[in-house]
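In: how does the following fold in three dimensions:
(2 chains)
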Amino acid sequence: MLLGDALEGEARDLGIVMAGISKAAARHGTPAQPPLVLLSGGETTVSIGARTPGRGGRNTEFLLSLATALQGHPDIFALAADTDGIDGTEDAAGALIRPDTLSRGSARGLDAGAKLMAHDSYSYFDAIGELIRTGPTLTNVNDFRAVLVL
Amino acid sequence: MKDARACALLRQMLDAAISAADPATVVAPHLPEKPRGRCIVVGAGKSAAAMAQAVEQAWPDVDLTGVVVTRYGHAVPTQRILVREAAHPVPDAAGEAAAQEILRIVQTAGPDDLVLALISGGGSALMPQPKPPLTLAEKKEVNRLLLHSGLTIDEMNRVRRRLSQIKGGGLARAVGAARLVTLAISDVPGDDPAAIASGPTVPDPTASVDLSPLVDRLGDALPRAARALLLATPAPAPSFVPDYRLIATPQL
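Out: Residues are numbered from 1 along each chain as shown, chains lettered A, B, ... in the order given. Coordinates of the predicted model:
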């Protein structure tokens, strides 16, 4: 299911919205029956505020918010990455989440909510080994987000 | 097992999206007719070097010259078109030097020459040419403010175009009467040519818009020279019809 290339707004807000849509698909079969991939593009924003931020980009922040909202849902996976290979200013294109993402973070003493508040999503995914590193792709068609509902 | 397959599927989809926009395949089909004279290739963006390489491979028999600027680490080998590297997202002196080279070389275009502009995301920061009296150091401060402001990309680009000699159609003005064709890889929802790399080859659609609300939101840290340029009475928007070809876009 294509959601288009114009999804903007705060990355963490989009994470909560996409969690809602994918959980509805898993539970009620709306807007479509699983298995289902929700594809979207476009460029979200991350507002930092006054505190010194941690490390992360739009895509890892989106994913950490999504993972937090999904609370380990057993049938939902997601990938988000910048197609140029650089999420924000980091050396990763993005990351991947799966049902055990939060529990693996907890096992390492990482609090996903706190990492999200600190805009430190890169560090979170780095610690659990879920960053995606493509290197420079030499192209750039903005962000790629795919949420898979089985 | 289920997890591994799900993750592999997602990764394959990302790889497919990236390869669908690979300059090596998307540039050649969109090239215009070969010029009688030289083809002056300029460009800026994360794909600039890869696009320049694709032009060289597609046009071995054309008199190619020119210079493109890409991000550090994004250069690829070329034979005839010079590749410069510069900083992104915060611009540096290397980018400013490349911008000057680009402006100089397009001004040499004669009536039989073709200027080919290769534009992709990141071109805005990679090709800085602040309007005097704004300095590059002040422009960097503005850029830093923009990246932390929470302004939308569209709002940031309004500001960037107004502060630059090369954005918002500035490169097209430097080309003058020679033929100019732009090949662009869009990183912008809606693919607005004025937004991709801040539109160096197309008229600035917001050239006459009052930017004082944005100036207010950027606050007191905004350098004085930038504030003055943004609040100055806007020049009448130049009108010309660009030959602008989108060769890859985010629409999946």
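In: stretch B:122-135 spans what distance, first to last residue?
Out: Distance between the two ends of stretch B:122-135: 20 Å, counting by Cα to Cα, to the nearest Å.
In: tell me if it is near chain A.
Out: Yes - with Cβ under 8 Å from any Cβ of the partner chain as the criterion, chain A is reached by stretch B:122-135 at residue B:122. Where you see a C-beta, it was placed from the backbone N, CA and C, and this is true even at glycine.
In: pull out the buried positions in that stretch.
Out: Residues of stretch B:122-135 classed as buried: B:122, B:123, B:124, B:125, B:126, B:127, B:128, B:129, B:130, B:131, B:134 (neighbour count, 16 or more other Cβ atoms under 10 Å in any protein chain shown).
In: do I have it right that the fifth one meets residue B:90?
Out: No - using Cβ atoms under 8 Å, residue B:126 is not in contact with residue B:90; the gap is 10.7 Å.
In: how far away is the most centrally placed residue in chain A from chain B?
Out: By Cα atoms, centre = their mean, chain A has its centre lying nearest to residue A:63, at 1.8 Å. For residue A:63, the distance to chain B equals 11 Å [Cβ to the nearest Cβ, to the nearest Å].
In: now do the strands in chain A.
Out: For chain A, the strands defined by DSSP state E cover A:36-40, A:76-82, A:94-97, A:131-132, A:143-149.
In: my bad, should have said chain B
Out: B:39-44, B:64-71, B:82-86, B:114-120, B:179-185, B:243-248.
In: could you give the angle of the longest one to strand B:114-120?
Out: Which is strand B:64-71. Angle between the axes of strand B:64-71 and strand B:114-120 is 10 degrees (criterion: axes from the mean of the first three to the mean of the last three Cα atoms, to 10 degrees).
In: likewise for the first one?
Out: Following the same axes, to 10 degrees, one obtains 20 degrees for the angle between strand B:39-44 and strand B:114-120.
In: does chain A sit close to strand B:39-44?
Out: No - using Cβ under 8 Å from any Cβ, strand B:39-44 never reaches chain A; the gap is at least 12.0 Å.
In: mind checking the pLDDT average for that strand?
Out: In this model, strand B:39-44 has a mean pLDDT of 98.
In: that one pairs with which strands, and in what direction?
Out: Applying DSSP bridges, strand B:39-44 is found paired with strand B:64-71 (parallel), strand B:114-120 (parallel).
In: rewinding a little: so what pLDDT did the residue nearest to the centre of chain A get?
Out: On the pLDDT scale, residue A:63 is placed at 97.
In: wait, doesn't it sit right on residue A:125?
Out: Yes - using Cβ under 8 Å, residue A:63 is in contact with residue A:125, at 7.2 Å.
In: anything in contact with each of those two?
Out: Counting by Cβ atoms under 8 Å, 6 or more residues apart in numbering or on different chains, the residues touching both residue A:63 and residue A:125 are residue A:95.
In: next, count neighbours for residue A:100.
Out: Neighbours of residue A:100 under the rule other Cβ atoms under 10 Å in any protein chain shown: 14.
In: now it: how far from residue A:35?
Out: Counting by Cβ to Cβ, to the nearest Å, the gap from residue A:100 to residue A:35 is 19 Å.
In: same thing with residue A:149?
Out: 7 Å.
In: so what touches stretch A:32-40?
Out: Applying Cβ under 8 Å, 6+ apart, the contact partners of stretch A:32-40 are A:1-5, A:7, A:18, A:21-22, A:25-26, A:75, A:144-150, B:13, B:252.
In: mind listing what's buried in it?
Out: For stretch A:32-40, by 16+ other Cβ under 10 Å, it's A:36, A:37, A:38, A:39, A:40.
In: and for stretch B:188-202?
Out: B:188-189, B:191, B:193-202.
In: kindly report the same for stretch B:232-245.
Out: Those would be B:242, B:244, for stretch B:232-245 by 16+ other Cβ under 10 Å.
In: swap in stretch A:5-18?
Out: A:5, A:7, A:10, A:11, A:12, A:14, A:15, A:18.
In: anything in that stretch near chain B?
Out: Yes - Stretch A:5-18 is in contact with chain B by Cβ under 8 Å from any Cβ, via A:5, A:6, A:7, A:8.
In: do you know the pLDDT at the residue nearest to residue A:25 when sequence neighbours are not counted?
Out: Spatial nearest neighbour of residue A:25, excluding adjacent residues (Cβ to Cβ, 6 or more residues apart in numbering or on different chains): residue A:149 at 4.7 Å. With respect to pLDDT, residue A:149 has a value of 96.
In: got any ranges where chain A has weak pLDDT?
Out: A:50 (pLDDT under 70).
In: pick the one among the buried residues of stretch A:32-40 closest to chain B.
Out: Nearest to chain B out of the buried residues of stretch A:32-40 is residue A:39 (Cβ to the nearest Cβ; 5.4 Å).
In: ok, now how distant is that closest one from residue A:78?
Out: Distance, residue A:39 to residue A:78, by Cβ to Cβ: 11 Å.
In: who touches both of these two?
Out: Joint contacts of residue A:39 and residue A:78 (Cβ under 8 Å, 6+ apart) are A:145, A:146.
In: what's the single longest helix in chain A?
Out: helix A:11-28 (DSSP state H).
In: what helices or strands is it leaning on?
Out: strand A:36-40, helix A:58-70, strand A:76-82, strand A:143-149 (3 or more Cβ pairs under 8 Å, 6 or more residues apart in numbering or on different chains; DSSP states H and E).
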